[in-house]
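J.: just a sequence and a predicted model for now, questions to come.
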Amino acid sequence: MASFIGFQALPFFTSNSKNKCGSQVQVRSLSGADSTVLSSDSVVVNGTSIGGERVRGGTSIDQANGQLRSKVEEKRKVEDDALETLKPLWDDGYGTETIKDYFDIAKDIVKPDGGPPRWFSPIACGCPLKDSPVLLFLPGMDGTGLGLVLHHTALGKAFEVWCLHIPVHDRTPFEGLIKLVEETVRFEHASSPHKPIYLVGDNFGGCLALAVASRNPVIDLVLILSNPATSFGRSQLQPLFLLLEAMPNGLHSAVPYLSSIMGDLVKMAAVNIESVLPPEQRFEKLSGLLPYLSDFVDIIPMDSLLWKLKLLKSAAAYANSRLHSVKAEVLVLSSGKDKILPSRDEAERLKNSLQDCVVRYFKDSGHNLLLEDGIGLMTVIKGTYKYRRARRLDITSDFLPPSMTELKYFSDQITGLFRVATDPILFSTLEDGKIMKGLAGVPSEGPVLLVGYHMFMGLELPSLTEGFLREKNIMIRGLAHPALFSRMFESSSSEFSMIDWVKVFGAVPVTGSNFFKLLSTKSHVLLYPGGSREALHYKGEEYKLFWPDQQEFVRMAARFGATIIPFGAVGEDDVGEMLLDYNDLIKIPVVNDLIREAISQNTLKVRDETKGEVANPNLFFPLMVPKIPGRFYYLFGKPIKTKGREDILKDKQVANQLYLQIKAEVERNMAFLIEKREEDPYRSIVDRTLYKAMYGPIEVPAFET
């Protein structure tokens, strides 16, 4: 078994629970030395902490091996102090640590300390949520274990994070590293057999993760591989390895190899530099960080580089020979501008070779994907539905609400132009019937069921979700078509797309059990009875409801005493004009065959018993042309309370009457908005643009209510 050893100097080799969790520090190594536990506030190696703090002195080491607190007992202490939930728009810390921090820390930890490979948990990770799974980070060629430095805070909320540090002069063979990771995995599995164990492998670490998974098929593992080096034999590193191996020792220092290891240096330096800054300010900030990148030569000396290339060659061969034995869930993150490894082709190969593999492709990223500016790793894990705390995903207990960074990225990079063009405005109705701008009429306490009209292509969803987050700090949990959660849209070049963002922002497949779970946890649930039939309507069907004959949701809402809010949304006819709908496209030769084939492949049914076109609509995408954008309007109607309404549960006729009332309210809300938008002096994007040019970036007024 791996032992726990104490050593001097590195405050980031400290417990994930941090000071506030009150647990001792453990560092696990391959050494057979006596077990010790570090018990100072921070463990220091060479005097530098992961937060950049200088710490004086060493640490106290408990030599009483027989009375050391076990790791299981430490975990219990951490869980006693752990958070129960995260609030929407929580601080994930993205951007607080940058590539500068990576180099500041790495320059110190690569100094020889005589120690073997070991685990550490960064201070920045803090305390995880209760019952969080373990995440083991397996580093790339640098071996520092600092490859997640941009993501420590976010990952530390959802996982108990441990990072593998391989000292620069360590020469442990690949089989020895497998043993270390494997023993750790088996120990964690024995202590928490019902939790998954996450292995995040970067480059070389991807090979290590696959090797461990192939040897432990019965353990519940989730592998996240960032540009895995299983493609070493086809990479730019292969000729470099042959060149260095044949070169006399005296000439090694003349080989410029920095670009062969690091990847896109500019994008790495761009973390936390606002893209909206003027070019001269961005250049100034970038130029201040780029000098740090030259320090990489000191992190991997030439003799260590040659050893690591040999290690990488054996690791790739070992992992590739055992891909057939990997039973774990695998998520491959693939870069489009990886100049070191053929990562895109390798992602396709792994997807076809592994039993359960999903790929996310980042076309603008370089080799060191996890150290570059872009989407956070925690966001990718959530968006691919890979985060869970037990053997099966639970859509309620495993859901983590979006952070402020995620909302900002989504608003700026994904929907920014569309939101500016449509300039959405929300109204709500108080209990006395008064209509007000804003969401004051929507209860803040759940369970609340929002029932409304589905605009074409669901165009109303981003603004609706963002509005509730910004104004009321409420997460809307949408019930969406199951096709969005299937792999029918998956391919080896699948980018992190709007479908993934839908999951990040709380959508779940529309099923009775999911509906039940969300209401039982007092959530704000979003339901569209018309579903995809409304979202993919035909020409001339704007603002027409296609609801089923049966009152599917009323009795479920009454069972939990949910408050029902009927709402209307209008505006999709202001952004585009439909040229060809399903009825038109199905008449075109060749096109009709493609449509029928696509529909036949969609075997996911939302309703089994409901008759009519709303039950199993044809999922297709009509041909549209854009228009000069108008404005989106939302009106949330007067709250309808079901708490204490036993008659709804006992009498189907009463439930049906309420159902028809809700439907009529939705139609009235839309009729109101369609009429009143004609009175909006700023309905046109031209008028709104002129208004903002005169008065600044403030909310543009609308019609009087």
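T.: Cool, the structure landed.
J.: which stretches of the stretch 601-705 of the chain have low pLDDT?
T.: Within the stretch 601-705 of the chain, the segments meeting pLDDT under 70 span 601-619.
J.: no, scratch that, I was asking about the chain
T.: In the chain (pLDDT under 70), the answer is 1-83, 240-298, 488-493, 598-619.
J.: now residue 569: which helix or strand?
T.: strand 563-570 (DSSP states H and E).
J.: ignore the last one, residue 156
T.: Going by DSSP H and E, residue 156 is part of helix 152-158.
J.: try residue 106
T.: When elements are assigned from DSSP H and E, residue 106 belongs to helix 99-109.
J.: check the offset of the next helix or strand along the chain from that helix from the chain's centre.
T.: Note on helix 99-109: by DSSP H and E, the next helix or strand toward the C-terminus is strand 118-120. Relative to its parent chain, strand 118-120 has a centroid offset of 25 Å by Cα atoms, centre = their mean, to the nearest Å.
J.: what's strand 118-120 packed up against?
T.: Applying 3 or more Cβ pairs under 8 Å, 6 or more residues apart in numbering; DSSP states H and E, one finds that strand 118-120 contacts strand 28-29, strand 160-165. Just so you know, the C-beta spots here come from the backbone N, C-alpha and C atoms, and that holds for glycine as well.
J.: the helix or strand just after that strand to strand 160-165, inter-axis angle?
T.: Counting by DSSP H and E, the next helix or strand C-terminal to strand 118-120 is strand 134-138. Computed with axes from the mean of the first three to the mean of the last three Cα atoms, to 10 degrees, the direction of strand 134-138 lies at 20 degrees from that of strand 160-165.
J.: name every strand pairing with strand 134-138 and say which way it goes.
T.: If you go by DSSP bridges, strand 134-138 pairs up with strand 160-165 (parallel), strand 197-202 (parallel).
J.: quick revisit: only alpha carbons, please: show the helix holding residue 106 as CSV.
T.: Extracted C-alpha coordinates of helix 99-109, given in CSV (Å, rounded to 0.1, in the frame of the first residue of the first chain):
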residue,chain,number,x,y,z
ILE,A,99,-1.0,31.1,-16.0
LYS,A,100,1.2,33.5,-13.9
ASP,A,101,0.2,31.5,-10.8
TYR,A,102,1.1,28.3,-12.6
PHE,A,103,4.6,29.4,-13.3
ASP,A,104,5.1,31.1,-10.0
ILE,A,105,4.4,27.9,-8.2
ALA,A,106,5.9,25.5,-10.7
LYS,A,107,9.3,27.2,-10.6
ASP,A,108,9.5,26.4,-6.9
ILE,A,109,8.1,22.9,-6.8
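J.: do you know which of the helices and strands packed on strand 118-120 lies nearest residue 215?
T.: strand 160-165 (16.7 Å; Cβ to Cβ).
J.: now, of the strands paired with strand 134-138, which is deepest in the fold?
T.: Scoring these by mean neighbour count under mean count of other Cβ atoms under 10 Å gives strand 197-202 as the most buried, with a mean of 27.
J.: which residues does it contact?
T.: Around strand 197-202, the neighbours that count as contacts under Cβ atoms under 8 Å, 6 or more residues apart in numbering are 133-140, 147-148, 159, 181, 185, 188-189, 207-210, 212-213, 219-228, 328, 368, 370, 377.
J.: rewinding a little: residues of the strand holding residue 569 that come out buried?
T.: By 16 or more other Cβ atoms under 10 Å, the buried positions in strand 563-570 come out as 563-570.
J.: distance between it and the chain's centre?
T.: 29 Å.
J.: ditto for stretch 132-151
T.: The answer for stretch 132-151 is 17 Å, by Cα atoms, centre = their mean.
J.: one more: stretch 89-99?
T.: Worked out by Cα atoms, centre = their mean, stretch 89-99 lies 14 Å from the chain centre.
J.: swap in stretch 505-517?
T.: 19 Å.
J.: returning to what we had before: what angle do the helix holding residue 106 and strand 160-165 make?
T.: Going by the same axes, to 10 degrees, helix 99-109 makes 60 degrees with strand 160-165.
J.: helices along the stretch 401-550 of the chain, start to end?
T.: 404-409, 416-422, 461-472, 498-504, 512-520, 531-535 (DSSP state H, counting those that start in this stretch).
J.: so for residue 649, which of these sits nearest?
T.: If we rank these by Cβ to Cβ, the stretch that ends up nearest is helix 512-520, at 13.7 Å.
J.: once you drop chain neighbours, what's closest to residue 643?
T.: residue 561 (3.4 Å; Cβ to Cβ, 6 or more residues apart in numbering).
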